[in-house]
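Trainee: Starting from these lines, generate the structure:
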Amino acid sequence: MEEQLSIYQDQRSDKLSYIRRLVHPKSGLYLFFRMQSIRAQQRYAELSDLTNTPSVFLHGNPHIDNYARTNTGCGMIDFDRSRIGPYSWDLVRLLSSLQLRWKDHKASELDERIIQSVHDGYVSRFNAPDLGYETLASLAAVKPEKWQLSTNAYLEANKKWAKKMRENPIDPKDLRLMQLFSGYTESRSKQHHLEIFDIVEAGICSGSFGKPRFLVVLSSRSHQNDKIILDFKEVYQDVDSKFFYNPYRNHGHRMVEASHLYAPGVEQRIGYAQLAGQQYWVRQVPPFQVKLKGNLPTALCEEFGYCVGAQLGIGHRRSLLFTKPEKLMNHFKQEWPRVIELSHKMVKELRRDYKIYCNQVKNQVMDLVEFFEDED
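Mentor: Numbering: from 1, shown residues only. From the prediction side, this is the model:
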């Protein structure tokens, strides 16, 4: 009997714009991987005996596209999937990401040197978290363009988030903005922001996967400081399970705490808010941000694996729940081969499910070819 799909995206719920991105021959598989994070998490729980696995405050989704450098630091950002869960999940997700973006990604298994780098980074910083974070040299060497030197320059150049905001502008005095901003300042315990800054521009847009967000430009009443762009992003509210759960009432609060653990100082002016029952995470949009692009050579995968392994080791050690560090390390030593094995298995299943998805899209979605031709 054919094995049941384990990580499956039902194409009938996808918009044609997403289908086109998902079937892209170069980037579609990795996008599929990103979209399957919670399904993959559920699958991992099915494949593993997690009963005695130590729990930590997970990053939740440590993959290559979530690693960035800004003017204030370099690290694993994007805390949408952060929550309490078995520490090994973060390691499986990281190894899977590396296999899919490694230059020899068609190989059935990840290079041992890359695997060892993740292992060494994790053990090094779990045992000595005060050593701090490693910085990825290739991103640290990038120099900002002129338009990335300030938010004022970013807005004047009408770059990514400025452009998105201006495509669907809203009144800076919109009541929704006042409510969101009030909740945000309360979460930061800095009510005086309301007296110092004015909202001078605002708009509504959506992120990579369609989540709504408000973009708000603040200007100092003294007009002596650089403007600030705040991003109010609607959060994911994933359902709790036996092994994975959110410990905070507001999911934005969850993301703030994850930011402190995994990328301290990288995201600026972080907070959270609520509007009409919907929860939001808030951060300042950095004018300068760079990420890794495309498939990575082995040496860069090794460096990345060590850097992110170290970040996870620090975050896991500092958020370890209900157990001693020695117990987690003993568990890690015993389970590491199984972590590697499951990361390979889950990538194999993902490739299979992606192939099935693409075939079903081609066979079942009406007018797909005409859509592609119209867009071209």
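Trainee: Alpha carbons of the strand or helix carrying Gly313, as CSV, please.
Mentor: For Gly313, the host element (DSSP states H and E) is helix 298-319. In CSV, the C-alpha atoms belonging to helix 298-319 read as follows (Å, rounded to 0.1, in the frame of the first residue of the first chain):
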residue,chain,number,x,y,z
THR,A,298,29.7,23.5,1.7
ALA,A,299,32.0,25.9,3.5
LEU,A,300,29.3,28.5,3.9
CYS,A,301,26.8,25.8,5.1
GLU,A,302,29.4,24.8,7.7
GLU,A,303,29.8,28.4,8.9
PHE,A,304,26.1,28.9,8.9
GLY,A,305,25.5,25.6,10.7
TYR,A,306,27.9,26.6,13.5
CYS,A,307,26.6,30.1,13.9
VAL,A,308,23.0,29.1,14.1
GLY,A,309,23.7,25.9,16.1
ALA,A,310,25.4,28.3,18.6
GLN,A,311,22.4,30.6,18.8
LEU,A,312,20.1,27.6,19.4
GLY,A,313,22.5,26.3,22.1
ILE,A,314,22.4,29.7,23.9
GLY,A,315,18.6,30.0,23.6
HIS,A,316,17.9,26.5,24.7
ARG,A,317,20.2,26.7,27.7
ARG,A,318,18.7,29.9,28.9
SER,A,319,15.1,28.7,28.5
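Trainee: buried set for the following helix or strand past that helix?
Mentor: Remark: after helix 298-319, the chain's next helix or strand is helix 325-364, criterion DSSP H and E. Neighbour-count burial for helix 325-364 flags 328-329, 331-332, 335-336, 339-340, 342-347, 349-351, 353-354, 357-358, 361 (criterion: 16 or more other Cβ atoms under 10 Å). Every residue, glycine included, has its C-beta placed from N, CA and C.
Trainee: Would you mind listing the buried residues in the helix or strand hosting Lys163?
Mentor: According to DSSP H and E, Lys163 maps onto helix 160-167. Buried residues in helix 160-167, counted by 16+ other Cβ under 10 Å: 161-162, 164-165.
Trainee: packing partners for that helix?
Mentor: If contacts are counted by 3 or more Cβ pairs under 8 Å, 6 or more residues apart in numbering; DSSP states H and E, helix 160-167 sits against strand 197-206, strand 212-220, strand 228-234.
Trainee: please redo it, this time with the cut-off set to 10 Å
Mentor: Here helix 160-167 touches helix 151-157, strand 197-206, strand 212-220, strand 228-234, going by 3 or more Cβ pairs under 10 Å, 6 or more residues apart in numbering; DSSP states H and E.
Trainee: Output those as CSV; include the columns mean neighbour count, mean pLDDT and distance to Arg83.
Mentor: Below are the helices and strands packed on helix 160-167 laid out as CSV (neighbours: other Cβ atoms under 10 Å; pLDDT from 0 to 100; distance: least, Cβ to Cβ, whole Å):
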stretch, mean neighbour count, mean pLDDT, distance to Arg83
helix 151-157, 18, 97, 31
strand 197-206, 18, 92, 23
strand 212-220, 20, 94, 21
strand 228-234, 21, 96, 17
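Trainee: want to throw these into JSON lines with distance to Gly132?
Mentor: JSON lines is the format used below for the helices and strands packed on helix 160-167 (distance: least, Cβ to Cβ, whole Å):
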{"stretch": "helix 151-157", "distance to Gly132": "28"}
{"stretch": "strand 197-206", "distance to Gly132": "33"}
{"stretch": "strand 212-220", "distance to Gly132": "31"}
{"stretch": "strand 228-234", "distance to Gly132": "27"}
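Trainee: Looking at these, spot the one closest to Leu16.
Mentor: With Cβ to Cβ as the criterion, Leu16 lies closest to strand 197-206 of those, at 15.7 Å.
Trainee: Extract the C-alpha set from the closest one and format it as CSV.
Mentor: Listed next in CSV are the C-alpha coordinates belonging to strand 197-206 (Å, rounded to 0.1, in the frame of the first residue of the first chain):
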residue,chain,number,x,y,z
PHE,A,197,6.1,61.1,18.1
ASP,A,198,3.4,61.8,15.6
ILE,A,199,2.1,59.3,13.0
VAL,A,200,2.8,61.0,9.7
GLU,A,201,2.2,58.2,7.2
ALA,A,202,0.5,54.7,7.3
GLY,A,203,-0.7,51.9,5.1
ILE,A,204,-1.9,48.3,5.1
CYS,A,205,-0.2,45.5,3.2
SER,A,206,0.5,41.8,3.5
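Trainee: Between strand 228-234 and it, find me the angle.
Mentor: Comparing the axes of strand 197-206 and strand 228-234 via axes from the mean of the first three to the mean of the last three Cα atoms, to 10 degrees yields an angle of 40 degrees.
Trainee: quick one: strand 197-206 to chain centroid distance?
Mentor: 23 Å (Cα atoms, centre = their mean, to the nearest Å).
Trainee: Would you mind pulling up the elements that that strand packs against?
Mentor: Partner elements for strand 197-206 (3+ Cβ pairs under 10 Å, 6+ apart): helix 160-167, helix 175-188, strand 212-220, strand 228-234.
Trainee: Compute the inter-axis angle for the longest one and strand 212-220.
Mentor: Put plainly, it is helix 175-188. Using the same axes, to 10 degrees: helix 175-188 against strand 212-220 is 80 degrees.
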